[in-house]
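Student: Fold the following and give me the result.
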Amino acid sequence: MDVENVWARLTELPSLPPRVGLFAGLAEWLSRGVDPRPQMYDMAPTWQAFKAGLLQPGNPVQYPRLTGWALDVGRGRDVRIIEALEGRFVAEPPVVAVGEFIDDHPAEGLERLARDGEAIIAVGEQGPNAFSNFAGWSGTWHMGVVPAATYMSPRGVGVTP
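Tutor: The predicted structure follows:
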């Protein structure tokens, strides 16, 4: 199977705002020896149940909180998942997965991330170009909630230095 390191901002989901949502390709995680899927919610059975009429839109899904990792957006266009143990300061935390957007992080997204302290993250084997529609793509995801990495600087504490 041909996999790619795809990252995408999940702005298409009306249910996410005001939460920050990201899609991260699985390839980068696996290349570093980490498989996040066992900690995450598998969307495939939920989508199958919707298609079969067993679930109605609006039924709540509780995404698990991912422990030991944090979302780091402190470097312009880069997005990283880093190892992060709660209550510990690490100058150079190990990187679990990394990607880069073609543009800087939107100010509104950074403000939301700073306010909420967490983001919804979806992980999948393929990016959106492999699917004919958004529903097909999102039905392949594993999802979870990841805390935001925070920086300490002379300006205070926040999601950017």
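
Student: which ones are touching the residue nearest the centre of the chain?
Tutor: With distances taken as Cα atoms, centre = their mean, the residue of the chain nearest its centroid is Ile121 (2.2 Å). With contacts defined as Cβ atoms under 8 Å, 6 or more residues apart in numbering, Ile121 is in contact with Gly21, Leu22, Phe23, Ala24, Leu66, Leu71, Ile81, Met143, Gly144, Val145, Val146. Using the backbone N, CA and C atoms, a C-beta is placed for each residue, glycine as well.

Student: What is the distance between the helix or strand hosting it and the centre of its chain?
Tutor: Counting by DSSP states H and E, the element that carries Ile121 is strand 118-124. Mean-position distance between strand 118-124 and its chain equals 2 Å (Cα atoms, centre = their mean, to the nearest Å).

Student: Name the next helix or strand downstream of that strand, please.
Tutor: Once strand 118-124 ends, the next helix or strand along the chain (criterion: DSSP H and E) is helix 134-138.

Student: just the helices in this structure please.
Tutor: Taking DSSP state H, the helices of the chain run over residues 26-31, 43-51, 107-116, 134-138.

Student: Ala97 is nearest to which of those helices?
Tutor: Of all those, helix 26-31 sits nearest to Ala97, with 4.3 Å by Cβ to Cβ.

Student: Pretty sure His105 sits against Arg77.
Tutor: Yes. Here His105 reaches Arg77: they are 7.1 Å apart, a contact under Cβ atoms under 8 Å.

Student: who has more neighbours, the two?
Tutor: Higher neighbour count among His105 and Arg77: His105, with 20 against 12, using other Cβ atoms under 10 Å.

Student: Nearest residue to the more buried one in space, please, no chain neighbours.
Tutor: Leaving aside its chain neighbours, His105 sits nearest to Val73 (5.3 Å; criterion: Cβ to Cβ, 6 or more residues apart in numbering).

Student: what do you get for Thr150?
Tutor: Taking Cβ to Cβ, 6+ apart as the measure, Thr150 lies nearest to Val157, with 5.4 Å between them; neighbours along the chain are not counted.
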